[in-house]
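Colleague: Sharing a sequence plus its predicted fold:
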Amino acid sequence: MLDTNGCCDYVLDPENPETWGGEEGNECLVRPEILDDNGVWKCPHGTQINNSDNPDSDNCNRVCIFHQPLDNKGTETVIEEFSKIIKSDDTKPEFLGAIFGDIHMDVLGEKIESDYTIDLTQSEVDGNVNLSNTEFSSEIFLSQMDISGSLKFQDATFHQKVDLTETHIQKQCDFSNCEFKNGLNFSDGIVENDFHCKLANFHGNTRFSIKFKGKSIFAEKQPPHNSATFYGFTSFNHSHFYEDIICSAVDFKGTVNFTNTKIEGEGYFAHTYFYEFLTFRDTIFIGDAIFTNTKFKSKVNFDKVDFNSKCRFWASNFEGNSSFKNVEFFDGANFQEVNFIKDADFQNADFYNGADFSESRFYEKSIFDDCELNDCDFSKADLTGSSFNRANMKNSNLESALLSRATLYGTDLRGGRLSGAVFADIRINEDTKLLGHPSSNTTSSPHTFSAIRSKPTCVYDPTYEECNQHKDVDKAKSVYRTLEELGGKHARPRLQARSFVRRQDLQKDSYKQVMLGKSDDIKVKKEGAESEKKSSEREKESTSLEKRLIAGARYSRAKVARETLLYGESPWRIVGGSFGFIIFAALLYPLNEWLQPSGGEPITYTRIFSGEPGLILESLYFSTLTFTTLGMGDYEPMGLGQLIATLNTTLGAVLIALLVFVLGRRAAR
């Protein structure tokens, strides 16, 4: 029975940890408005005499039933008194520092209306707290509680704010089908077991900056999702999820903050809607991060996030600006078929194990400057206007990608698959690397011997490397044609020349294969998830004699053009060939009296070796004049020398004309 004449002597002084079981330096989260003039809180409840115990006991006589030790009271008696007080307006429902075995309501289904705030700050529950299926009209403070069992709010409705700041729940926490109409604060708390929020509605501001040591379930993965809805600002700032967080098809109507959060299990956000600003800045995903078919209606910030396992954004929509600056994707990322409606910023992001951006669409500006994009897949992606400055894109797949107006200053695309890519109006510079094997260490400067000797090729070229799985002559020709045009537009004559020469070489080699009656196409297919490489055997086809003869003639012509002119790209070959032929002809004339000065004796090797070595210079003089068609008439070819002189003149005219053509062609670039 209650002693209405007595009053509980329990006093809680926020400045004195001994009164509330804290440690020196800890903060006691007692509401200032309930403290008296001395800055302390006094229990408003009457003392209780427990006839089963010693009536002279100090504990029985001086403190209420709520502040007595558990051994001195019965759990059901405490619950009965607790229910009476929170339904009554006679006594304030304040239970700071109280000790409970269990807390559960015997008024399930009723509405608890009180003019006072229900306050259990710093209280201790040795069992479970169950406020399910009840409607509360007043604020509820459950701050700094220590609950040894579970906390259950299923089907409960809270019209005012609920505060669970720094509360420790040692078992399960269940808010399923609960409605918080004016906000929930669950900051700095701990939930040791699973946390359920399916079908819960959170109005106002919601804070979950706590340690979730079990699974955090805000929805079911499979339909029907039974998802929670957050209408106001929602914060998981500095939270720690030791296991999975499941947020499938959850609606976040307000701003959502996951800054500095750590998720050790799977982060499952598939089919979720984020209507306002979302930030995961500085968050760490240890397990898989799943954002498939997720809708981001406003700005998104993933800056400095670490994705240590798989990361999937497949078929998601980013309708606002999205930022992934300085993000580290350690185990691959899937952005396949993603739509970036506004700007997307991936500056300094590192995709260590590749990424799949195939068929993605970037409708406005996208920035991949200084990114590690090795082995990434951008096939069929719309990258119009994208910036890849200084990006490392070795071995990336850009087949059929749209790169109109893209910027590729200093980009490394060696080993990249570029077949079918649209490079209209793109910007490159001398540091942009488009040909060669990624493992080569050639300098970007063209003024080195290694750069002069190097013969970089594209990934489709048969000479790219042994066992080339991407070998395709037709694709190689197409890529060289594209790079040839790029080199011409961006003052890259070496790129233009190399691409042109290599394209002509491939055409020459194809003539040779037809001439020999062979086909050199080796196709490589990817089969299954393991992408096994299988090469077909060389196919041989019989060709008609006529076809082989025509191919042979074309091959011979191409071979001569390469050796003499490098297909019109090397004036030095013409100059060298010209000097060589002049000297060769000069050495022929003295063989058999085929050259005679006017009024003199024929020039022969007998005279040259008999003490007149200067005669060889006269032969060289005549050969030069004849080659340049400047004959002075002071020498006369004799016999076979006339044929040599004729060939000398004819070939000289041809080579000089070709030299003028090549020089003019290069100058026009």
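Modeller: Done, it's in. All figures in this text were calculated on a predicted structure; none of them were measured in a lab.
Colleague: How about the secondary structure of the residue nearest to Glu465 when sequence neighbours are not counted?
Modeller: Nearest non-adjacent residue to Glu465, counting by CB to CB, 6 or more residues apart in numbering: His437, 6.3 Å away. Heads up, the C-betas are built off the backbone N, CA and C, glycines and all. Secondary structure assignment for His437 (DSSP: H, G, I helix; E, B strand; the rest coil): coil.
Colleague: where does His437 fall, phi/psi-wise?
Modeller: Main-chain dihedrals, His437, degrees, to the nearest 10: phi -90, psi 140.
Colleague: how many neighbours does it have?
Modeller: His437: 15 surrounding residues under other CB atoms under 10 Å.
Colleague: same thing with Ser239?
Modeller: Counted by other CB under 10 Å, the residues lying close to Ser239 total 26.
Colleague: so where's the stretch 401-550 of the chain shaky on pLDDT?
Modeller: The stretch 401-550 of the chain contains residues with pLDDT under 70 at 441-454, 519-543.
Colleague: try it again with 90
Modeller: For the stretch 401-550 of the chain, residues meeting the criterion pLDDT under 90 lie at 424, 437-456, 463, 465-469, 488-498, 500, 511-550.
Colleague: same question, the stretch 101-250 of the chain
Modeller: Residue ranges of the stretch 101-250 of the chain with pLDDT under 90: 104-116, 131, 220-226.
Colleague: 80 - rerun?
Modeller: By pLDDT under 80, the weakly predicted segments of the stretch 101-250 of the chain are 105-110, 114.
Colleague: report the longest helix in this structure, please.
Modeller: Counting by DSSP state H, the longest helix found in the chain is helix 640-668.
Colleague: Show the average pLDDT along that one.
Modeller: Mean pLDDT, computed over helix 640-668, is 82.
Colleague: For it, which helices and strands make contact with it?
Modeller: On a contact count with 3 or more CB pairs under 8 Å, 6 or more residues apart in numbering; DSSP states H and E, helix 640-668 meets helix 545-565, helix 571-588, helix 615-627.
Colleague: Okay, helices next: where are they in the stretch 1-150 of the chain?
Modeller: Here the stretch 1-150 of the chain has its helices, by DSSP state H, counting those that start in this stretch, at 58-62, 75-87.
Colleague: can you redo these as a markdown table with mean neighbour count, distance to Glu27 and mean pLDDT?
Modeller: Putting the helices of the stretch 1-150 of the chain into a markdown table (neighbours: other CB atoms under 10 Å; distance: least, CB to CB, whole Å; pLDDT from 0 to 100) gives the following:
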| stretch | mean neighbour count | distance to Glu27 | mean pLDDT |
| --- | --- | --- | --- |
| helix 58-62 | 15 | 28 | 56 |
| helix 75-87 | 17 | 26 | 87 |
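Colleague: can you list those helices in JSON lines and add distance to Gly265?
Modeller: Formatted as JSON lines, those follow (distance: least, CB to CB, whole Å):
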{"stretch": "helix 58-62", "distance to Gly265": "45"}
{"stretch": "helix 75-87", "distance to Gly265": "36"}
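Colleague: looking at those, which is closest to Ile169?
Modeller: Closest approach to Ile169 among the helices of the stretch 1-150 of the chain is made by helix 75-87 (18.7 Å; CB to CB).
Colleague: by contact count, what packs against that closest one?
Modeller: Secondary-structure packing of helix 75-87 (3+ CB pairs under 8 Å, 6+ apart): strand 99-100, strand 103-104.
Colleague: Same list, those strands, but as a markdown table with mean neighbour count please.
Modeller: Shown next, in a markdown table, are the helices and strands packed on helix 75-87 (neighbours: other CB atoms under 10 Å):
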| stretch | mean neighbour count |
| --- | --- |
| strand 99-100 | 22 |
| strand 103-104 | 22 |
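Colleague: Can you tell me which of the helices and strands packed on helix 640-668 is most buried?
Modeller: Counting by mean count of other CB atoms under 10 Å, helix 615-627 has the highest mean neighbour count of the helices and strands packed on helix 640-668, with a mean of 20.
Colleague: Pull the CA coordinates from that helix and hand them back as CSV.
Modeller: Taking C-alpha atoms only, helix 615-627 is exported to CSV below (Å, rounded to 0.1, in the frame of the first residue of the first chain):
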residue,chain,number,x,y,z
LEU,A,615,86.7,9.8,-111.9
ILE,A,616,84.2,8.2,-109.5
LEU,A,617,83.1,11.7,-108.5
GLU,A,618,82.5,12.6,-112.2
SER,A,619,80.3,9.5,-112.5
LEU,A,620,78.4,10.5,-109.3
TYR,A,621,78.1,14.1,-110.7
PHE,A,622,76.6,12.7,-113.9
SER,A,623,74.2,10.4,-112.0
THR,A,624,73.0,13.3,-109.9
LEU,A,625,72.4,15.6,-112.9
THR,A,626,70.6,12.9,-114.7
PHE,A,627,68.4,12.0,-111.7
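Colleague: Which neighbouring elements make contact with that helix?
Modeller: Under the contact criterion of 3+ CB pairs under 8 Å, 6+ apart, helix 615-627 touches helix 571-588, strand 595-597, helix 605-609, strand 635-637, helix 640-668.
Colleague: Out of those, which is closest to Gly39?
Modeller: Taking CB to CB, helix 640-668 is the member of the helices and strands packed on helix 615-627 nearest to Gly39, at 90.9 Å.
Colleague: got the buried residues for the closest one?
Modeller: Buried residues in helix 640-668, counted by 16 or more other CB atoms under 10 Å: Gly641, Ile644, Ala645, Asn648, Thr649, Leu651, Gly652, Leu655, Leu658, Leu659, Val662.
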